[in-house]
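S.K.: Predicted coordinates and the sequence they were generated for:
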Amino acid sequence: MSAEDRGYCISLIQEAVEMGARKIKACEILDVGIRTIERWEKSPFDMRRGAKSKPSNALSKEERAKVLEIANSREYANLHQVRLFQSLQIKGNILQVRVVFIVY
């Protein structure tokens, strides 16, 4: 959601509260959590910074490339990831199964 849309949501909620509505009920109508509105009131810009570190089980560049190569190959291109996993498992390709399983 853009900062402009967030500002609009805040103004709608403030207007509803001024007219006597409870803030939490106004948030429910807009399907936005009250904590989110409180955060937006401080700054309508997204201040989240994302993950601080890379997950320990993240794929390496080589593994990611291998997954994309397998998933985009002619043999597997039209399969859902569950079917892809099952197919690789049946064929006994453990390395490929491990890599696809991590992604799934």
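M.R.: Structure received. All figures in this text were calculated on a predicted structure; none of them were measured in a lab.
S.K.: buried sites along the longest helix anywhere in the chain?
M.R.: The single longest helix within the chain, with elements called by DSSP state H, is helix 3-18. Applying a neighbour-count criterion of 16 or more other CB atoms under 10 Å, the buried positions in helix 3-18 are 6, 9-10, 13, 16. Backbone N, C-alpha and C define where each C-beta goes, glycine included.
S.K.: now swap in stretch 22-37 and tell me
M.R.: Neighbour-count burial for stretch 22-37 [16+ other CB under 10 Å]: 26-27, 32, 37.
S.K.: Just say helix, strand or coil for the spatially most central residue of the chain.
M.R.: Nearest residue to the geometric centre of the chain (CA atoms, centre = their mean): residue 50, 11.2 Å. Assigned by DSSP: H, G, I helix; E, B strand; the rest coil, the conformation of residue 50 is coil.
S.K.: Pass me the low-pLDDT residue ranges in this structure, would you?
M.R.: Regions of the chain meeting the criterion pLDDT under 70 cover residues 44, 92-104.
S.K.: Which residue ranges make up the domains of it?
M.R.: Using automatic domain parsing, the domains assigned to the chain come out as 3-42, 61-103.
S.K.: and those as CSV, adding distance to residue 54?
M.R.: Listed next are these as CSV, based on distance: least, CB to CB, whole Å:
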stretch, distance to residue 54
domain 3-42, 26
domain 61-103, 12
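S.K.: Of all these, which one is nearest residue 55?
M.R.: Across the domains of the chain, residue 55 has its closest neighbour in domain 61-103 (10.2 Å, CB to CB).
S.K.: So what angle separates the directions of the next helix or strand along the chain from the longest helix of the chain and helix 3-18?
M.R.: Beyond helix 3-18 in the direction of the C-terminus, DSSP states H and E gives the next helix or strand as helix 23-30. Taking axes from the mean of the first three to the mean of the last three CA atoms, to 10 degrees, one finds helix 23-30 and helix 3-18 inclined to each other by 130 degrees.
S.K.: so how far is helix 23-30 from its chain's centroid?
M.R.: Relative to the chain's own centre, helix 23-30 is displaced by 24 Å; criterion: CA atoms, centre = their mean, to the nearest Å.
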